[in-house]
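Novice: Pasting the sequence and the predicted coordinates here, then a few questions.
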Amino acid sequence: MSKAEGGFVLKIDLDLKPPEEWLQAWERKNEVILSLYGLKIKKVNRKETEKGWHYWYLVHRWLPAEEINKLQFLMGDDHTRVIINQWRIKRGIPHWNKLFDRKLWKKDRKFIECWYCGNKIPIQDRKPADEIVKEAKE
């Protein structure tokens, strides 16, 4: 959904398959988070993946990219995806908010490489999200 259409889609990658009751509580928690930001949900879609779930929340009004990424983080998005999205935003990549459609690394690798923007994250040397967000803003 474009800015002109007056909204956006939040994309959440949940790498976990909890019991349905837990999942419903998790979904309600996300509704509360969005309401705290004054956002109304128009529609929610979810799709089961190999490791968990992908969610798409259609929200009624537009926000800047960094705010969207922050909301996705607060709603439980995959932390590595949040970091890569922050790099994409900083680089000005227009279609930064992609759900992974393939694995980005194998177990024997020492880093994760984003196939979209080329950045590498050392696996054994991951920084806390607040440090990465701070660096991305600099």
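Specialist: Yep, that arrived. Remember, predicted model here, so these are calculated numbers, not experimental data. Numbering: from 1, shown residues only.
Novice: Past the biggest helix by length in the chain, which element shows up next along the chain?
Specialist: The single longest helix within the chain, with elements called by DSSP state H, is helix 20-36. As assigned by DSSP states H and E, the chain's next helix or strand after helix 20-36 is strand 41-48.
Novice: What segments of this structure are helices?
Specialist: Taking DSSP H to define them, one finds helices in the chain at 20-36, 65-74, 79-91, 129-137.
Novice: Just say which of those helices is most tucked in.
Specialist: helix 79-91 (a mean of 20; mean count of other C-beta atoms under 10 Å). Where C-beta positions appear, they are placed from N, C-alpha and C, glycine not excepted.
Novice: What helices and strands are in contact with that one?
Specialist: Using 3 or more C-beta pairs under 8 Å, 6 or more residues apart in numbering; DSSP states H and E as the contact criterion, the secondary-structure elements in contact with helix 79-91 are helix 65-74, strand 120-122, helix 129-137.
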